[in-house]
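Colleague: okay, predicted coordinates and the sequence, questions at the end:
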Amino acid sequence: MPKLKSHKGLLKRIKVTAKGKVKWRKPFKGHLNSHMSGDKLRKLRGTALATKGDVKRLSRMLHKPVKAADTAE
């Protein structure tokens, strides 16, 4: 059986941390931001961690187990 390949498009957009969590850039910040309020833009700054609902899909695309972000943080 051939090797399983990770999803290359996903690998370009995420980083898997040392503890196995997935870190990515928040969406909706690429362009057309002039109509957004300052509060909205401040909330979109920085990176986000994958939530519990994303973990099953991401681990299937990466062919390795990943963890969800702790909700207590």
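Modeller: Happy to help now that I have it. Numbering: from 1, shown residues only.
Colleague: of all the residues in stretch 45-64, which ones are buried?
Modeller: 50, 55, 58-59, 61-62 (16 or more other C-beta atoms under 10 Å). All C-beta spots, glycine's among them, are computed from the backbone N, C-alpha and C.
Colleague: what's the separation between the closest residue to His63 other than its chain neighbours and Arg13?
Modeller: Spatially, and ignoring its direct neighbours in sequence, His63 is nearest to Leu4 (4.5 Å; C-beta to C-beta, 6 or more residues apart in numbering). Distance, Leu4 to Arg13, using C-beta to C-beta, to the nearest Å: 19 Å.
Colleague: likewise Ser34?
Modeller: Taking C-beta to C-beta, one finds Ser34 at 24 Å from Arg13.
Colleague: which of the three states applies to Val22?
Modeller: What DSSP: H, G, I helix; E, B strand; the rest coil gives for Val22 is strand.
Colleague: show the pLDDT at the nearest residue to it once chain neighbours are set aside.
Modeller: Spatial nearest neighbour of Val22, excluding adjacent residues (C-beta to C-beta, 6+ apart): Ala50 at 3.8 Å. Note for Ala50: predicted pLDDT of 92.
Colleague: likewise the one 4 residues further on?
Modeller: According to the predicted model, the pLDDT of Asp54 comes to 90.
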